[in-house]
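*Asks:* Any chance you can model this:
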Amino acid sequence: YLTELAAVTRDAVLRDEIAEKCKSAMQWQLNMCQFDDGAIGMSGRDDKWLGMTSGAIQCFIRTREAGFLIDAEIAQYRPKALAARDWMQQHVTPAGIEAGGYFPISGKSDPRPPDNLAWMFGLTLQALSELDRL
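*Replies:* Model (predicted):
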């Protein structure tokens with residue numbers, strides 16, 4: 001959502017700071033939280049989450065579309081975003097939804113409270129509608 005703020009601010013320093021924060025967040029998600037199969041964890045490679053995977057996809061799309069990435073970064077991170085897309089699409093199933101979008105690996109993250117699952121499902125639905133922008 002910071003990309004939207006960057007688009008309307010007239011403060012060049014603030015815009016540059018936002019660009020760095022957005023790029024850094026995207027890189028962290030795709031470098032430190034992504035599993036080999038494309039799924040994204042909550043605090044690293046802990047457990048796999050539909051919502052976190054969806055959020056990483058959206059972070060890549062928005063950061064790229066805001067013009068915060070150079071061509072080499074797009075080339076580096078687009079395959080990771082595509083892997084996240086593929087994993088997400090394979091796991092948006094009745095069983096995946098019944099599990100709250102939570103696929104335990106380490107058990108270090110927790111699918112509680114249930115309202116956390118609601119916003120993560122919102123991210124998933126939103127990302128599904130944006131996949132053509134990858």
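*Asks:* which residue ends up closest to the midpoint of this protein in space?
*Replies:* With distances taken as Cα atoms, centre = their mean, Ala56 lies nearest the centre of the chain, 1.1 Å away.
*Asks:* quick one: it and Tyr1, what's the gap?
*Replies:* According to Cβ to Cβ, to the nearest Å, Ala56 and Tyr1 sit 15 Å apart. Yep, even glycine has a C-beta here, placed from its N, CA and C like the rest.
*Asks:* do the same with Ala99
*Replies:* Applying Cβ to Cβ, the value for Ala99 to Tyr1 is 27 Å.
*Asks:* okay, those two: which has more neighbours?
*Replies:* Between Ala99 and Tyr1, counting by other Cβ atoms under 10 Å, Ala99 is the more crowded of the two (15 against 7).
*Asks:* what about the closest residue to Arg133 other than its chain neighbours, helix or strand, and which?
*Replies:* Distances taken as Cβ to Cβ, 6 or more residues apart in numbering put Ile61 closest to Arg133, at 5.0 Å, once the chain neighbours are dropped. Ile61 belongs to helix 50-65 when assigned by DSSP states H and E.
*Asks:* repeat for Met42
*Replies:* Assessed by DSSP H and E, Met42 sits outside every helix and strand.
*Asks:* how close does it get to Gln29?
*Replies:* According to Cβ to Cβ, Met42 and Gln29 sit 10 Å apart.
*Asks:* quick one, which of these two is more surrounded?
*Replies:* Per other Cβ under 10 Å, whichever of Met42 and Gln29 has more neighbours is Gln29, with 23 against 19.
*Asks:* Leaving out sequence neighbours, find the closest residue to the more buried one.
*Replies:* Of all residues not flanking Gln29 in the chain, Ala56 sits nearest, at 4.1 Å (Cβ to Cβ, 6+ apart).
*Asks:* can you give me the helices for the protein?
*Replies:* Along the chain, the segments classed as helices by DSSP state H run 2-8, 12-32, 50-65, 71-91, 94-98, 114-128.
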